[in-house]
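Trainee: show me how the following folds:
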Amino acid sequence: MTRRSRIILASMLAGSLGLAAPLSGQQAAKPKAAPKAKPSAAKLDPNTCFACHDQIEKLKKGGKHASVSCETCHEGVAQHLEDPEKKPMTLTALEVCGGCHKDQYNSFIEVNLNSKARVEKATFKSRSPLFDKLMMPHGFTKEHAEPRSHVFMLADHFVVDRAYGGRFQFKDWTKVTASHDIAKDAWSVLTDAEPNTNEQKAFMTQVAMAANPVCMTCKSQDNVLQWKYMGDKDPRAKWDRGSNVVDFARSLKHPINCFACHDPHSSGPRVIRDALIEAVVDRGLGSYPYDKAKSEKTKIEKVMFRDDFRAIGLLNRADSNLMCAQCHVEYACNPGTDPKTGAKIPMSDRRTNYFPWSNVFDIAARYDKQGFKDFQHATTGAYLTKLQHPETETFWGSKHEKAGVECKDCHMPKAKNKAGKSYTFHGQRSARYMKKDTCVRCHKDWSETEAEYQIDAIQNYVRGKMTKAEFWLGQLIDTFAAAKQAGVPEPELAKARDAHDKAHILWEWWTAENSDGFHNPEAARRSLTQSIDLTQNAIKDLQKAMAAVPKPVAAHEAAPAPAPAAPAAPAAPAKKS
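Mentor: Coordinates of the predicted model:
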């Protein structure tokens, strides 16, 4: 039986519910009263939907949402049953879930006023004072801010100077805390400089146009049903990796959706980020690539829908490390360059939607194999990687991870509402702001003050190493410029570029990662000191190469002019005959 036939059969079955379309050849009587009311949950038998959506039936039956009507999350179901070509609308708004899960929703939109907005990382008072020099000419040099809570992730992306050339802005600065409005529709607090155009261009000075649709799949999942697996082009997909990013941005309203981590049909744990599923399942790297035993405990079952159009990943058990890994990872999400050939890599290439799924020490080799680099440094010409936010990979192998701690334990702990009912806090904050419910819950002999002291000790130490690594990378860049000017041969410059590439990754991983090393202080020290070693050795090699370059002879040091030729000897007298 075809899908269309099943829908027609389902429509006929729905007749007993008062939802059936009139039989062929008959005219439906037009009601004279008010428009037809939306069918109630009691009237719609879910088996009517299951007649076609058998995969959903498997998810829904036996799950916590088994009694939730399809119409709770889908509009236009009755019209769909009457005419299969009229597709129902899936509601993606967070308040749909918040209608039942009130505590989770209210904590999600709660503003943490201790976590400041638009804190630029690349300042001398922040974590990465030499960032602009080390990253030029990358778009992130225009604005690279510390993150805020998830409720702001979409709106903050729209207004960042590096993304849309300044096209989108808050209506005024007071909207920076308008979390209630932003959660419902980010555009309610934003302006568009040119609402009738979709060109990526500069609307003010000192901006970049670095946004792309792949990056946006982390910020919002509103378009999940209109995006093919991996963002490939398909006649059934409205959006793909190469879509116009301004149009794509305008189609999004909500920050990270509840259904990114919670299956709406079963309520069970899941992931929907395609590149994560591709890494864990398709490439067989597993949920914990450096811990095979743990990978066996947490597995992802890849489920394809609509004739392999899209995929979800069902988790066999809740694991917030994996659920958070949909965004909190290093990934390629933009056009790049193949460093071996110099060929440009466009968004049509799948390498622009890729999770290396590797730790900081192995990622250079992973990208070398992939043949992908993000940008070329303005001074050295080295092809470099632009790291994103690799919290998940950093956490692997840490003391906390080995002890069974998950992301939720420190950033989304259990809380109690006014009635004393326990729920999971969904505000996603640093443990620094919830020490009683996080650090002190395990370290019972600590006070909150001591917990903060411990956090500071780790982060202060790692920030020191980050600053030193930045300093020596800056010195390498300066020394390279001097060496090139001095005429150092290309083979020596190429060696320096290779060192620059490796040292850059070992440094920038930690300024892109948002814990200042707290997630894995041992790995942070090892990585940052290796970066310093690489740059210092490269500097020494360049200095030796400069010393070996023959120095041009100055005019006043020119060799003396050759002595004049000795006068010719007088000719012998002619012999007399």
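Trainee: now the closest residue to P46 other than its chain neighbours: phi and psi?
Mentor: Of all residues not flanking P46 in the chain, C70 sits nearest, at 6.0 Å (C-beta to C-beta, 6 or more residues apart in numbering). No exception for glycine: its C-beta is placed from N, CA and C like everyone else's. C70 has phi and psi values of phi -60, psi -30 when expressed as degrees, to the nearest 10.
Trainee: and the pLDDT at C70?
Mentor: Model confidence at C70, given as pLDDT, is 93.
Trainee: next one: C49
Mentor: According to the predicted model, the pLDDT of C49 comes to 92.
Trainee: SS state for it?
Mentor: In the three-state summary, C49 is assigned as helix, counting by DSSP: H, G, I helix; E, B strand; the rest coil.
Trainee: grab the nearest non-local neighbour of it.
Mentor: Closest residue in space to C49, ignoring its immediate chain neighbours: C70 at 5.2 Å, by C-beta to C-beta, 6+ apart.
Trainee: hang on, the earlier thing: G76 is in contact with the residue nearest to P46, correct?
Mentor: No: counting by C-beta atoms under 8 Å, G76 is not a contact partner of C70; they are 10.9 Å apart.
Trainee: who has more neighbours, the two?
Mentor: Residue environment comparison for C70 versus G76 gives the larger neighbour count to C70, 20 against 15, counting by other C-beta atoms under 10 Å.
Trainee: residues in contact with the more buried one?
Mentor: L44, P46, C49, V77 (C-beta atoms under 8 Å, 6 or more residues apart in numbering).
Trainee: out of the residues you listed, which sit inside helices?
Mentor: P46, C49, V77 (DSSP state H).
Trainee: so which of those wins on neighbours?
Mentor: Counting neighbours by other C-beta under 10 Å, C49 leads these with 24 neighbours.
Trainee: that one reaches I56, doesn't it?
Mentor: Yes: applying C-beta under 8 Å, one finds C49 in contact with I56, separated by 7.0 Å.
Trainee: could you pull out the buried residues of stretch 374-392?
Mentor: By neighbour count with 16 or more other C-beta atoms under 10 Å, stretch 374-392 contains the buried residues 374-377, 379-380, 382-392.
Trainee: and it, end to end?
Mentor: Taking C-alpha to C-alpha, to the nearest Å, stretch 374-392 runs 21 Å from one end to the other.
Trainee: chain center to it, what's the gap?
Mentor: 15 Å (C-alpha atoms, centre = their mean, to the nearest Å).
Trainee: the stretch 251-400 of the chain: strands as residue ranges?
Mentor: 270-271, 300-305, 310-315, 336-337, 344-345, 375-376, 383-384 (DSSP state E, counting those that start in this stretch).
Trainee: redo the ones you listed as JSON lines? Include distance to A210 and mean pLDDT.
Mentor: Converted to JSON lines, these look like this (distance: least, C-beta to C-beta, whole Å; pLDDT from 0 to 100):
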{"stretch": "strand 270-271", "distance to A210": "26", "mean pLDDT": "98"}
{"stretch": "strand 300-305", "distance to A210": "30", "mean pLDDT": "97"}
{"stretch": "strand 310-315", "distance to A210": "26", "mean pLDDT": "98"}
{"stretch": "strand 336-337", "distance to A210": "12", "mean pLDDT": "98"}
{"stretch": "strand 344-345", "distance to A210": "15", "mean pLDDT": "98"}
{"stretch": "strand 375-376", "distance to A210": "10", "mean pLDDT": "98"}
{"stretch": "strand 383-384", "distance to A210": "15", "mean pLDDT": "98"}
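Trainee: which one of those is the most hemmed in?
Mentor: Per-stretch averages of neighbours, counted by mean count of other C-beta atoms under 10 Å, single out strand 270-271 among the strands of the stretch 251-400 of the chain, with a mean of 25.
Trainee: which outside residues touch it?
Mentor: The list of residues contacting strand 270-271 from outside it, by C-beta under 8 Å, 6+ apart, reads 260-263, 277, 300, 312-315, 322-323, 325-326.
Trainee: let's have the strands of the stretch 251-400 of the chain in JSON lines, adding distance to W396.
Mentor: Formatted as JSON lines, these follow (distance: least, C-beta to C-beta, whole Å):
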{"stretch": "strand 270-271", "distance to W396": "17"}
{"stretch": "strand 300-305", "distance to W396": "16"}
{"stretch": "strand 310-315", "distance to W396": "17"}
{"stretch": "strand 336-337", "distance to W396": "25"}
{"stretch": "strand 344-345", "distance to W396": "28"}
{"stretch": "strand 375-376", "distance to W396": "27"}
{"stretch": "strand 383-384", "distance to W396": "23"}
